[in-house]
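Q: give me a 3D structure for the following:
(chains A and B)
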Protein chains: 2
Amino acid sequence: MPSNTQILLARRPQGAPVPEDFQLTETAIPEPGEGEVLVRHRFLSLDPYQRGRMDDAKSYARPVALGAVMECSAVGQVAASRDGRFKEGDWVLGGYGWQTYSVRPAKALIAIDPKEAPPSTALGVLGMPGLTAWVGLEDIGQPKEGETVVVSAASGAVGQVVGQLARIRGARAIGIAGGPAKCAFVKDTLGFDAAIDHRAPLDPALDAACPDGVDVYWENVGGAVQAAVFPRFRDFGRMVMCGMIAQYNTATGAAATGAPPGPNLGPVVRKRLRIQGFIVNDTGWQRYGRFRAEMLGHMAAGRMQWREDVAKGLANAPAAFIGMLEGRNFGKQVVALD
Amino acid sequence: MPSNTQILLARRPQGAPVPEDFQLTETAIPEPGEGEVLVRHRFLSLDPYQRGRMDDAKSYARPVALGAVMECSAVGQVAASRDGRFKEGDWVLGGYGWQTYSVRPAKALIAIDPKEAPPSTALGVLGMPGLTAWVGLEDIGQPKEGETVVVSAASGAVGQVVGQLARIRGARAIGIAGGPAKCAFVKDTLGFDAAIDHRAPLDPALDAACPDGVDVYWENVGGAVQAAVFPRFRDFGRMVMCGMIAQYNTATGAAATGAPPGPNLGPVVRKRLRIQGFIVNDTGWQRYGRFRAEMLGHMAAGRMQWREDVAKGLANAPAAFIGMLEGRNFGKQVVALD
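A: Prediction:
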């Protein structure tokens, strides 16, 4: 008899998560109530924000409780429906958790057409990371023709889309990534104007790629990359912040008081900079239709490439997650379930 | 025979300016050309930004050349006019420099009606500092009814106006100032909801005055005050930056690479903060008419108080300026000339 396999938060990590922080378990498959749908997960989305949910700290979302299933978003197929909007076999976005099944309110699900794009893209280029890129550029980055946009974690789920959208809007896109393979992908496949390996000295590479300075910096990482880019802003530069992966293991939530210092803010006045953070869930999904339509157009025209890093099987999710926080993933990290 | 008395930049300061960095000199009164006006200065404006002009560093404005007259804005009376718009005796804003006379293009002058308000207010509450407060709240701070606005250097030229405008817009205004006399002025005369002495421990005072956190922080100072306020932002907080006087002697222009570190920017994401700098001259004067009309209304209705710190005579300008950078002024610093 089939069961629901789950990965629970076994204990709160001290710094970087380790395998013992997770626990695999089997439980009964839940039954949908009236208006609910049972989703059989096919792809789980692993995203850096999930590290924050493992801490018992005040943030924009609640922490995962100890012993509860790890949080994520999932794409899957309807296994049983008690709502007229969905029938068995339908593909949906909106499953929940590091597990093989979830019961969800039908109204929380978004129907996916697998003929439009591979279903896993609903977790990446057409999902939350892509929407994050689109919203952050629309609301904060606002790249103009001829401006220079620097993107850290450029081969990652959000960074990929940021740079390609910046180019579509007429800007130059400079990607920062770790290692030659990712840099080659950023430049050759994604078509950024230049790619910089953050494992080599950053200053000369930024000098060469951004001789006139930086108009928009899409900040995904923090740390040394932020310190190298910050002094290069041109007047009226914008720094778009949706997360800093270099800090996730050391400085989330309340623990941020022990975080490393940031840049002196003197240039913010002198150069009239704008530094702004956002969370895509605040207002992003209200614009999902517009985003998806634009992105499908770019994908059909060959203007939007993407890459996924696919771990196989739920049992491999913890290792994939730990690796992602260390930058070992190459592209949007998902877990494929049978 | 009358002459033009001037104070020149004798040498570039190392850190805090000292009297020897300035030189008093006498020169001939200049003659206005066609379309120009000779202004006899009556009040000079001393402002922190002038410290930046003493450094030979890249910034939003050119440095004062060695041996050139120190930069400032002045209010005065027309002594000779070669333009139809002005006649002898008219009061004008737009004189230039630490000197007793200047020749200016008529189109660079703004006529002042001394019956509307004392002429020196054109350098303070009705001038650049007041306009800075008004523009920064309109464009960035945008205080809403019931929000908490914290203002550093609250008894200063800009801070005075920020807090009073915030209250007029329905927000709570918390002022930070140095010493009991300034705090009493901020609370009792300006009518802020609370005043905090930054010479006493800041954390308990901020806990008491801002129990629900800070929605808008008007940053005038940097340093320890910034570090104490920054962690207190509520979600969607705004930090308005038009200068950081604590850094002016150590971290202007190119020397900013040696500036002290700033706050870790992790909360910018988590709380969706916006940190933005501006320079009033970029777009502020295009809105001067609207600003002046609103402010005159507040002044007539008794809703807008102001205080000036008046140094007497050009020879005392350097000491007044040095004192202002140390926070020894009490209110908008001007120099009255005979």
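Q: any weak-confidence spans in chain A?
A: For chain A, applying pLDDT under 70 flags the ranges A:1, A:246-258.
Q: would you mind listing what in it touches chain B?
A: A:59-60, A:219, A:222, A:226, A:231, A:235, A:241-244, A:247, A:251-253, A:256-257, A:259-279, A:282 (Cβ under 8 Å from any Cβ of the partner chain). For glycine as for every other residue, the C-beta is placed from the backbone atoms N, C-alpha and C.
Q: how much space between the closest residue to residue A:244 other than its chain neighbours and residue A:69?
A: Once flanking residues are discounted, residue A:244 sits nearest to residue A:222: 3.1 Å by Cβ to Cβ, 6 or more residues apart in numbering or on different chains. Distance, residue A:222 to residue A:69, by Cβ to Cβ, to the nearest Å: 29 Å.
Q: which one of those two has more residues nearby?
A: A direct count of neighbours by other Cβ atoms under 10 Å in any protein chain shown for residue A:222 and residue A:69 places residue A:222 higher, at 25 against 19.
Q: distance of the more buried one from residue B:312?
A: The gap separating residue A:222 from residue B:312 is 52 Å, by Cβ to Cβ.
Q: now do residue A:238
A: For residue A:238, the distance to residue B:312 equals 46 Å [Cβ to Cβ].
Q: more neighbours, those two?
A: The neighbour count for residue A:238 versus residue B:312, taken as other Cβ under 10 Å, is higher for residue A:238 (23 against 11).
Q: so what sits opposite that one in the bridge?
A: Legend: beta-bridge partners of residue A:238 under DSSP bridges are residue A:216, residue A:274.
Q: one step back: restricted to helices, list the residues of chain A next to chain B.
A: Within these, residues falling in helices by DSSP state H are A:226, A:266-270, A:282.
Q: quick one, which of those residues are buried?
A: A:226, A:266-270 (16 or more other Cβ atoms under 10 Å in any protein chain shown).
Q: kindly reformat those residues as a markdown table containing distance to residue B:139.
A: Conversion of those to a markdown table gives the following (distance: Cβ to Cβ, whole Å):
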| residue | distance to residue B:139 |
| --- | --- |
| A:226 | 26 |
| A:266 | 20 |
| A:267 | 19 |
| A:268 | 14 |
| A:269 | 14 |
| A:270 | 17 |
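Q: need the contact list for the closest residue to chain B within chain A.
A: Scanning chain A for the residue nearest chain B gives residue A:261, at 3.4 Å (criterion: Cβ to the nearest Cβ). Residue A:261 sits next to B:261-264 when contact means Cβ atoms under 8 Å, 6 or more residues apart in numbering or on different chains.
Q: now the spatially most central residue of chain A: closest residue in space that isn't a chain neighbour?
A: Nearest to the geometric centre of chain A sits residue A:129, at 4.2 Å (Cα atoms, centre = their mean). In this structure, residue A:129 finds its nearest non-sequential neighbour in residue A:157, 3.5 Å apart by Cβ to Cβ, 6+ apart.
Q: swap in residue A:5?
A: residue A:100 (4.8 Å).
Q: then residue A:116?
A: That would be residue A:296: by Cβ to Cβ, 6+ apart, it lies 6.3 Å from residue A:116.
Q: just to revisit the earlier point, nearest to residue A:334, of the contacts of residue A:261?
A: residue B:264 (30.5 Å; Cβ to Cβ).
Q: from what I can see that closest one touches residue A:241, true?
A: No. In this structure, residue B:264 is not within contact of residue A:241 by Cβ atoms under 8 Å, at 11.7 Å.
Q: quick one: which of the two has more around it?
A: residue A:241 (26 against 21).
Q: so what's the nearest residue to that one once chain neighbours are set aside up against?
A: In space, and not counting its chain neighbours, residue A:241 is closest to residue A:277: 4.1 Å by Cβ to Cβ, 6+ apart. Counting by Cβ under 8 Å, 6+ apart, residue A:277 touches A:241-242, B:265, B:267-274.
Q: same check on residue A:192?
A: Contacts of residue A:192 (Cβ under 8 Å, 6+ apart): A:151, A:154, A:163, A:167, A:173-175, A:186.
Q: could you check how far it is from residue A:244?
A: Plainly put, residue A:192 is 21 Å away from residue A:244 if you go by Cβ to Cβ.
Q: same check, this time on residue A:194
A: 22 Å.
Q: next: residue A:177.
A: 16 Å.
Q: quick one: the helices in the stretch 51-200 of chain A, in order.
A: A:128-136, A:157-168, A:180-184 (DSSP state H, counting those that start in this stretch).
Q: for the longest one, what is the distance to the chain centroid?
A: Distance, stretch centre to chain centre, for helix A:157-168: 12 Å (Cα atoms, centre = their mean, to the nearest Å).
Q: stretch A:173-183 now?
A: Worked out by Cα atoms, centre = their mean, stretch A:173-183 lies 17 Å from the chain centre.
Q: compute the first-to-last residue distance for that stretch.
A: 13 Å (Cα to Cα, to the nearest Å).
Q: can you check stretch A:139-159 too?
A: Start-to-end, stretch A:139-159 (Cα to Cα) is 16 Å.
Q: now swap in stretch A:63-72 and tell me
A: Start-to-end, stretch A:63-72 (Cα to Cα) is 12 Å.
Q: same deal with stretch A:9-24?
A: End to end - Cα to Cα - stretch A:9-24 spans 9 Å.
Q: what of stretch A:160-174?
A: First residue to last in stretch A:160-174 (Cα to Cα) measures 11 Å.
Q: just the buried positions in it, please.
A: Buried, per 16+ other Cβ under 10 Å, within stretch A:160-174: A:160-169, A:171-174.
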